[in-house]
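In: What shape does this take:
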Amino acid sequence: MKIAIIPARGGSKRIPRKNIKDFCGKPIIAYSIEAAKQSQLFDHIIVSTDDPEIAQVAVGLGADVPFLRPMELSDDYTGTNAVIKHAIQWFNNQGGVVQYACCIYATAPFINSDYLCSAFEALLTSNASFVFSVTSFPFPIQRAIRINKVGRVEAFYPEYISSRSQDLEEAYHDAGQFSWGRAEAFLNDTVPFSQASIPIVLPRYLVQDIDTLEDWTRAELMHKAWHLGE
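Out: Below is the predicted model of the structure:
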């Protein structure tokens, strides 16, 4: 069995009701549900939430909400893997056998079903535990600077501060869209940021982390610009 799990708790602090807030005309979680459906990969697309309103919206968009997430997995400190494990274990306890699971984030309006399919193919044809979306940093991380306690600038890596950008190794970060994994890897708490994983590289124009209202505005502007070119 292949399942998609979309974590969407109700207690977002920085952006209230973030997971069902209107984004360019529809609840932002709709983009994740629609991409999962368009991929035609999943036996079940579920939203893991503790919130009845989010559950109602998710069901209206065509997802399943077979349970409400327990409160001990719905606070600010619960990691994503614990939520995915809970969903896999729930299905297994109901008599199903989950072989593959895909965590799809609820605030990923640029998610594309083609990348979900490519990632699953990479997982099937490898011995990797995970395949997840990444994108490149727009500026060399080796030339990062910090502002110290007295308001002055310091280099994180002084040895690279005079290096040319083209001479520095490119670096990547989690794109925050999806993570495919073998069920046993999630259940065994296998570390994804390791050689257990394969990256699917997304272009930067399809990636925007959304943690603040400023991020939200930027993402909407990017989304509108993206669709102008279609």
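In: where along the protein do the strands fall?
Out: 2-7, 22-23, 26-27, 44-48, 100-104, 130-136, 145-147, 153-155, 172-182, 197-201 (DSSP state E).
In: Now render these as CSV, adding mean neighbour count.
Out: C-beta here means a position set from N, CA and C on the backbone, and glycine is covered the same way. Below are the strands of the chain laid out as CSV (neighbours: other Cβ atoms under 10 Å):
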stretch, mean neighbour count
strand 2-7, 24
strand 22-23, 15
strand 26-27, 18
strand 44-48, 24
strand 100-104, 24
strand 130-136, 21
strand 145-147, 10
strand 153-155, 11
strand 172-182, 22
strand 197-201, 18
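In: could you dump the ones you listed to JSON lines with distance to residue 210 and mean pLDDT?
Out: Formatted as JSON lines, the strands of the chain follow (distance: least, Cβ to Cβ, whole Å; pLDDT from 0 to 100):
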{"stretch": "strand 2-7", "distance to residue 210": "14", "mean pLDDT": "98"}
{"stretch": "strand 22-23", "distance to residue 210": "9", "mean pLDDT": "97"}
{"stretch": "strand 26-27", "distance to residue 210": "13", "mean pLDDT": "98"}
{"stretch": "strand 44-48", "distance to residue 210": "17", "mean pLDDT": "97"}
{"stretch": "strand 100-104", "distance to residue 210": "14", "mean pLDDT": "98"}
{"stretch": "strand 130-136", "distance to residue 210": "14", "mean pLDDT": "98"}
{"stretch": "strand 145-147", "distance to residue 210": "25", "mean pLDDT": "97"}
{"stretch": "strand 153-155", "distance to residue 210": "29", "mean pLDDT": "96"}
{"stretch": "strand 172-182", "distance to residue 210": "8", "mean pLDDT": "97"}
{"stretch": "strand 197-201", "distance to residue 210": "20", "mean pLDDT": "98"}
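In: Residue 146 versus residue 10, what's the distance?
Out: From residue 10 across to residue 146, the span is 35 Å (Cβ to Cβ, to the nearest Å).
In: What residues sit buried inside the one helix or strand in the chain whose mean pLDDT sits lowest?
Out: Lowest on mean pLDDT, DSSP states H and E among the helices and strands of the chain sits helix 213-228, with a mean of 93. Of all the residues in helix 213-228, those buried under the rule 16 or more other Cβ atoms under 10 Å are 216, 219, 220, 222, 223.
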